[in-house]
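**Student:** pasted the sequence and its predicted model underneath.
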There are 2 protein chains.
Amino acid sequence: MKEHLKTYIQGIVPEFVDQEINLFLKYFKLKKVKKKEFILKQGECVKYETFICEGCLHVFHADCNGNEHTLYFGIKDWWLADIDSFINERPSQFNIQAIQDSSVLIINKEDKDKAFREIPKVEKLFRIMCQKSLIVYQQRIIQYNSMSAEDRYIFFIKKYKDIAQLISNKAIASYLGVTPEYISRLRKKAVNIG
Amino acid sequence: MKEHLKTYIQGIVPEFVDQEINLFLKYFKLKKVKKKEFILKQGECVKYETFICEGCLHVFHADCNGNEHTLYFGIKDWWLADIDSFINERPSQFNIQAIQDSSVLIINKEDKDKAFREIPKVEKLFRIMCQKSLIVYQQRIIQYNSMSAEDRYIFFIKKYKDIAQLISNKAIASYLGVTPEYISRLRKKAVNIG
DNA sequence: CGAAAATTTGACATGACTCAACTGGAGTGG
DNA sequence: CCACTCCAGTTGAGTCATGTCAAATTTTCG
């Protein structure tokens, strides 16, 4: 499993030498997560930063009216963390729940801090990862504003074609910012057309 | 002017010693920007990473229908960059235009890379800055989904109360993802109530 | 098999958009 | 310093995309 993470790291920071990566990897523990199982519940403090080796997980917030809002769906090679909670040690706003059986690697805060000190390139790794996430969020904000619900739905289905059928309409709706009923209608329309 | 940036850096990474900061600051050049002036136009490649000392700038994208979509408004102590363009050296999707006369500090890619090599703590600085931005974008995505246009408008006015009166309705609309006409109606309503 | 949840569907309501006309400043040139 | 233009903002009327609520149907899973 850790091979996955190793390949990922080499892809991002090629200067990493084997010995450094192995040292870093030692801090991670493998964790299996069953479908529907939560690895984080809103209100808890985030203790681990998590790398997804296999599977698919759902990161979402439930507001005071009980409506859910999806931050993203995590798949292979994505990281999961409510950075705000992890860094500032405050209760998380987010739930993280497995959509399928998944395998993840976790590292706790203490070990991560240690890794930052022992292996300077880890700084660079996380800086670049953060930049990549930023780009994704920026794109998403622009798209939200420039596309209709229908366009966003079509875009979503294309972008996540590998996993779209695993994800409930309700969850897709909460990602796109529309109601599940409306997704149902869009789906019907899309089937009739395409 | 550079004192501003120095204070900012010390606030984020207290471990920075004076000598390191001064070395880093040498790479920056001061630039004055007049109201309405563009420091980046869509389609150009981003050459500089920019720190705002004073003023207010508008980062937005114009889509193929000519509609504008605001990524954010930058004020004192914010950074401006289309990271995607800066890092990957591709044409930018964004325009950056001054809303008021502003002072910014700029660093080019070459010098930034040099700084990363010469001053390891710069990695940390940018990692933490990125994390902070990520948190802001995540919050915004959740808010977009959970709030009506009216709520988003009220929230915006409160959050940017210091600069809200400088920003045109049109720009606020493009930030919130609604039409300027609708903002006009919301404003009227807000005045009548509040 | 049965209960609970997700999805679909229909009827209706409404928030937000469109388009067009009008108003009012800000900037410009003579 | 006036006249002119050009945007930004306002307002009204009509429309459409999307939401709401409730009932029927299907799927999931213990």
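**Tutor:** Received, thanks. Numbering: from 1, shown residues only, chains lettered A, B, ... in the order given.
**Student:** and the most centrally placed residue in chain A, what does it touch?
**Tutor:** Central residue of chain A (CA atoms, centre = their mean): A:G74, 3.3 Å from the mean position. Shown in contact with A:G74 (CB atoms under 8 Å, 6 or more residues apart in numbering or on different chains): A:I52, A:C56, A:L57, A:H58, A:V59, A:L80, A:I96. Bear in mind the C-beta positions are built from the backbone N, C-alpha and C, glycine included.
**Student:** could you redo the last one with a cut-off of 7 Å?
**Tutor:** Counting by CB atoms under 7 Å, 6 or more residues apart in numbering or on different chains, A:G74 touches A:I52, A:C56, A:L57, A:V59, A:L80.
**Student:** ok, and the closest non-adjacent residue to A:P91?
**Tutor:** Of all residues not flanking A:P91 in the chain, A:G43 sits nearest, at 4.9 Å (CB to CB, 6 or more residues apart in numbering or on different chains).
**Student:** show me the shaky parts of chain A.
**Tutor:** Across chain A, the ranges flagged by pLDDT under 70 are A:192-194.
**Student:** would you mark the buried spots in the longest helix seen in it?
**Tutor:** If you go by DSSP state H, chain A has its longest helix at helix A:121-146. By 16 or more other CB atoms under 10 Å in any protein chain shown, the buried positions in helix A:121-146 come out as A:121-131, A:133-135, A:137-138, A:140-142, A:144-146.
**Student:** quick one, what contacts A:G66?
**Tutor:** Contact partners of A:G66, counting by CB under 7 Å, 6+ apart, are absent.
**Student:** A:H4 versus A:G11, what's the distance?
**Tutor:** Distance, A:G11 to A:H4, by CB to CB, to the nearest Å: 11 Å.
**Student:** give me the more crowded residue out of those two.
**Tutor:** Neighbour tally, A:G11 and A:H4, criterion other CB atoms under 10 Å in any protein chain shown: the higher count belongs to A:H4, 16 against 10.
**Student:** just checking, that one is part of a helix?
**Tutor:** Yes - according to DSSP: H, G, I helix; E, B strand; the rest coil, A:H4 belongs to a helix.
**Student:** that one and chain B, how far apart?
**Tutor:** Relative to chain B, A:H4 is positioned 23 Å away (CB to the nearest CB, to the nearest Å).
**Student:** who touches that residue in this structure?
**Tutor:** A:C53.
**Student:** same check on A:I154?
**Tutor:** So A:I154 contacts A:A190 (CB under 7 Å, 6+ apart).
**Student:** picking up where we left off before, partners of the residue nearest to the centre of chain A in the sheet?
**Tutor:** Beta-bridge partners for A:G74, by DSSP bridges, are A:L57.
**Student:** ok, now A:A62?
**Tutor:** Beta-bridge partners of A:A62, as defined by DSSP bridges: A:E68.
**Student:** and the gap between it and B:H4?
**Tutor:** 40 Å.
**Student:** how about the secondary structure of A:P14?
**Tutor:** Secondary structure, three-state DSSP: A:P14 is coil.
**Student:** ok, it - contacts?
**Tutor:** So A:P14 contacts nothing (CB under 7 Å, 6+ apart).
**Student:** equivalent analysis for A:N169, please.
**Tutor:** If you count contacts by CB under 7 Å, 6+ apart, A:N169 has them with A:P180, A:I183, A:S184.
**Student:** how about A:F16?
**Tutor:** Taking CB under 7 Å, 6+ apart, we find A:F16 in contact with A:I9, A:Q10, A:K121.
**Student:** of all those residues, which comes closest to A:S85?
**Tutor:** Nearest to A:S85 among the contacts of A:F16: A:I9, at 23.9 Å, using CB to CB.
**Student:** and A:N108, how many neighbours does it have?
**Tutor:** 15.
**Student:** interface residues of chain A facing chain B?
**Tutor:** Residues of chain A lying close to chain B by CB under 7 Å from any CB of the partner chain are A:61, A:63, A:67, A:69, A:71, A:83-84, A:87, A:120, A:123-124, A:126-127, A:130-131, A:133-135, A:137-138, A:140-142, A:144-146, A:177.
**Student:** in contact with A:Q143, which residues?
**Tutor:** With CB under 7 Å, 6+ apart, A:Q143 has these contacts: A:R152.
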